[in-house]
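Enquirer: my questions concern the predicted model and sequence given below.
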Amino acid sequence: MGTGVALSAFGCLLAVIALMYLAYKQITPIAFSIVASIIVIVCARLPFYDTLLNVFAAKTGGYVGQYLLLFAFSAILGRIYQDTGAAKTIADGLAKIFGANNPFIPIMLATIVLGYAGISNFVTIYAIYPIALELCRKANINKRLIPACFCCSAWAMTQVAPGVTQIHNIVPMDYLGTSSMAGTVPGFLTAALMGVLMLLYLRYETKREAKEGIVFDSYDELGAFADDQAKIPPMWMALVPVILTVVLFNVAKVNVTLAVAAGDIVSLILMWKYLNVKQWIDVFSKGAASSIEVTFNIALIIGFGACVAATPFYTAVIDWVAKCSWNPYILAPVASALFAGILGSSSSSIALSMETLGDIFRTFGEAGYNMGFIHRLTCQAAITLDTLPHCGALLVTFGVCKLDHKQAYRHVFVTTVLIPLIAVFCFEVPLCMLLG
């Protein structure tokens with residue numbers, strides 16, 4: 001390994017450590033992404049101003065321009081479901097089916113439903129948390145397990161599953177020419193396995209904590225979420241926009257941004273009477289505004305990743321990948337998982353994987369390998385190492401739930417790192433090799 005490669009490798013490692021530390025200290029993403037990028041630039045001896053402006057800033061801006069409308073329409077839909085009570089309708093209906101003593105199943109299913117509607121997970125947590133808190137109260141379970149259930153359901157199971165309208169599923173479609181349902185069989189089976197393992201773990205932890213006297217104690221938060229059941233939409237009304245969005249995207253093959261926008265319009269028409277004009281204005285203005293932070297947070301990590309991709313170390317890695325004799329069903333998820341660990345973001349990992357390895361993946365398709373499997377493996381492997389302490393989405397989730405790393409990260413690590421690693425590399429990879 002040459003000196004330039006070694007120095008840039010050290011710089012990338014140091015930058016990742018800085019990302020984790022600064023994120024753990026709750027420093028704003030724009031600050032820690034710039035600091036991490038500067039570390040990479042200096043250690044790799046890249047042109048300082050040119051790289052910061054034409055690589056970091058350019059890639060950040062390019063991502064924002066490409067996906068801003070999708071995030072905006074998704075955030076608005078999430079805000080509609082939150083403010084009208086449609087999200088509560090879905091969760092309460094599921095709670096009646098599964099019983100008050102099984103809160104994690106309705107939390108999981110409600111999160112999946114909202115995820116398939118295209119609602120950003122940064123937004124979904126705001127709608128799900130008050131419902132999850134009430135469900136935990138009924139079951140007398142401490143709220144510290146809520147993030148573990150939500151994060152696994154939203155990130156590991158839903159946002160990378162076949163047919164979902166999330167950005168994670170869209171990017172590989174653009175690069176690989178695959179469909180939204182790529183890797184249907186291994187994708188759904190892997191998601192189901194993760195769900196089962198998550199529920200078993202949470203069941204075990206619930207019993208263990210109950211024996212230790214750790215039960216529900218967040219009564220001071222319940223008042224803020226009290227809703228009059230007579231003033232929220234019925235179940236059919238809450239489900240129609242979700243079903244419409246999924247059908248338009250997966251069956252009618254409508255552009256995902258337009259499909260989510262259609263869900264916004266239908267929600268507005270159906271649920272108009274549940275909010276007054278001023279409240280509807282707030283829904284659209286605050287929903288759209290919230291999408292800006294989410295979009296920029298992801299884009300900033302993309303910008304940092306672009307700086308990493310400009311280093312001699314990354315070039316050496318790409319050369320190794322291009323010449324690697326590994327089975328692509330192993331190579332694709334390994335690369336995706338490593339990128340996720342470096343960037344602390346599954347969406348950024350998938351985007352970087354496609355941007356830098358897309359041509360290599362296409363050569364695998366020309367050689368006869370199943371591109372749908374490569375699509376799905378890349379997506380689902382990205383949610384293995386993304387939830388390390390510097391994950392921006394994790395910080396948002398803990399903030400909404402009023403928890404910190406010490407209280408809840410251990411459970412999140414099990415459900416969003418260990419369980420996905422087992423499901424992807426011990427089950428999905430061998431399954432794809434068997435079927436592919």
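Expert: Arrived safely. Note that this is a predicted model, so its numbers are computed, not measured.
Enquirer: excluding sequence neighbours, find me the nearest residue to the residue positioned nearest the centre of the chain.
Expert: Nearest to the geometric centre of the chain sits Trp155, at 4.2 Å (C-alpha atoms, centre = their mean). The spatial neighbour of Trp155 that comes closest, neighbours along the chain excluded (C-beta to C-beta, 6 or more residues apart in numbering), is Ile383 at 5.2 Å. C-betas here are computed from N, CA, C, even on glycine.
Enquirer: okay, now the one you found: neighbour count?
Expert: 32 (other C-beta atoms under 10 Å).
Enquirer: per-residue confidence for it?
Expert: pLDDT recorded at Ile383 is 92.
Enquirer: contacting residues around it?
Expert: Trp155, Ala156, Gln159, Val160, Ala340, Ser346, Thr416, Pro420 (C-beta atoms under 8 Å, 6 or more residues apart in numbering).
Enquirer: helix/strand/coil for it?
Expert: coil (DSSP: H, G, I helix; E, B strand; the rest coil).
Enquirer: now swap in Val16 and tell me
Expert: helix.
Enquirer: look up how far Phe364 lies from the residue nearest to Trp155.
Expert: According to C-beta to C-beta, to the nearest Å, Ile383 stands 22 Å off from Phe364.
Enquirer: and for Tyr81?
Expert: Taken as C-beta to C-beta, the span from Tyr81 to Phe364 is 39 Å.
Enquirer: who's more crowded, these two?
Expert: Tyr81 (31 against 20).
Enquirer: ok, now how distant is that one from Tyr409?
Expert: Taken as C-beta to C-beta, the span from Tyr81 to Tyr409 is 28 Å.
Enquirer: scan the contacts of Ile383 and report the most crowded one.
Expert: Ser346 (34 neighbours).
Enquirer: what's near enough to touch it?
Expert: Applying C-beta under 8 Å, 6+ apart, we find Ser346 in contact with Trp155, Gln159, Val160, His168, Ala340, Ala382, Ile383, Asp386.
Enquirer: how would you label the last one: helix, strand or coil?
Expert: Put plainly, it is Asp386. coil.
Enquirer: how about the helices in the stretch 101-250 of the chain?
Expert: 104-116, 121-139, 146-151, 167-176, 184-211, 235-250 (DSSP state H, counting those that start in this stretch).
Enquirer: and if you look at the stretch 301-436 of the chain?
Expert: Using DSSP H, counting those that start in this stretch, helices in the stretch 301-436 of the chain cover 312-323, 328-343, 346-366, 371-381, 392-401, 405-413, 419-423, 429-435.
Enquirer: could I get these in a markdown table, plus columns for distance to Phe296?
Expert: As requested, the helices of the stretch 301-436 of the chain are arranged in a markdown table below (distance: least, C-beta to C-beta, whole Å):
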| stretch | distance to Phe296 |
| --- | --- |
| helix 312-323 | 23 |
| helix 328-343 | 15 |
| helix 346-366 | 12 |
| helix 371-381 | 22 |
| helix 392-401 | 10 |
| helix 405-413 | 23 |
| helix 419-423 | 26 |
| helix 429-435 | 34 |
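Enquirer: pick out the shakiest of the ones you listed, pLDDT-wise.
Expert: helix 392-401 (a mean of 76).
Enquirer: now do that helix: which elements does it pack against?
Expert: Contacting helix 392-401 under the criterion 3 or more C-beta pairs under 8 Å, 6 or more residues apart in numbering; DSSP states H and E are the following elements: helix 121-139, helix 146-151, helix 277-309, helix 405-413.
Enquirer: just name the most buried of those.
Expert: helix 146-151 (a mean of 26; mean count of other C-beta atoms under 10 Å).
Enquirer: tell me the mean pLDDT for it?
Expert: Helix 146-151 comes out at a mean pLDDT of 94.
Enquirer: quick one: contacts for Gly93?
Expert: Counting by C-beta under 8 Å, 6+ apart, Gly93 has contacts Met235.
Enquirer: model confidence for it, exactly?
Expert: So Gly93 comes in at 83 (pLDDT).
Enquirer: could I get the phi/psi values of it?
Expert: Per-residue torsions, Gly93: phi -60, psi -40 (degrees, to the nearest 10).
Enquirer: now Lys253
Expert: Torsion angles, degrees, to the nearest 10, at Lys253: phi 60, psi 30.
Enquirer: ok, now Asn102?
Expert: Torsion angles at Asn102 (phi, psi; degrees, to the nearest 10) stand at phi -120, psi 70.
Enquirer: neighbours around the residue nearest to Met173 when sequence neighbours are not counted, how many?
Expert: Closest residue in space to Met173, ignoring its immediate chain neighbours: Ser180 at 6.4 Å, by C-beta to C-beta, 6+ apart. Neighbours of Ser180 under the rule other C-beta under 10 Å: 20.
Enquirer: then Val196?
Expert: What Val196 shows, counting by other C-beta under 10 Å, is a neighbour count of 12.
Enquirer: now Leu53
Expert: Count around Leu53 with other C-beta under 10 Å applied: 11.
Enquirer: for the closest residue to Cys43 other than its chain neighbours, what are its contacts?
Expert: Excluding its sequence neighbours, the residue lying closest to Cys43 (C-beta to C-beta, 6+ apart) is Gly11, at 2.4 Å. Contact analysis of Gly11 by C-beta under 8 Å, 6+ apart lists Ile39, Val40, Val42, Cys43, Ala44, Thr311, Phe313.
Enquirer: from these, which two are the most distant?
Expert: Val42 and Phe313 (13.6 Å; C-beta to C-beta).
Enquirer: of those two, give the one with the bigger neighbour count.
Expert: Phe313 (25 against 15).
Enquirer: just to revisit the earlier point, tabulate the contacts of Ile383 in JSON lines, adding columns for distance to Ser325.
Expert: Converted to JSON lines, the contacts of Ile383 look like this (distance: C-beta to C-beta, whole Å):
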{"residue": "Trp155", "distance to Ser325": "32"}
{"residue": "Ala156", "distance to Ser325": "30"}
{"residue": "Gln159", "distance to Ser325": "32"}
{"residue": "Val160", "distance to Ser325": "27"}
{"residue": "Ala340", "distance to Ser325": "24"}
{"residue": "Ser346", "distance to Ser325": "27"}
{"residue": "Thr416", "distance to Ser325": "31"}
{"residue": "Pro420", "distance to Ser325": "26"}
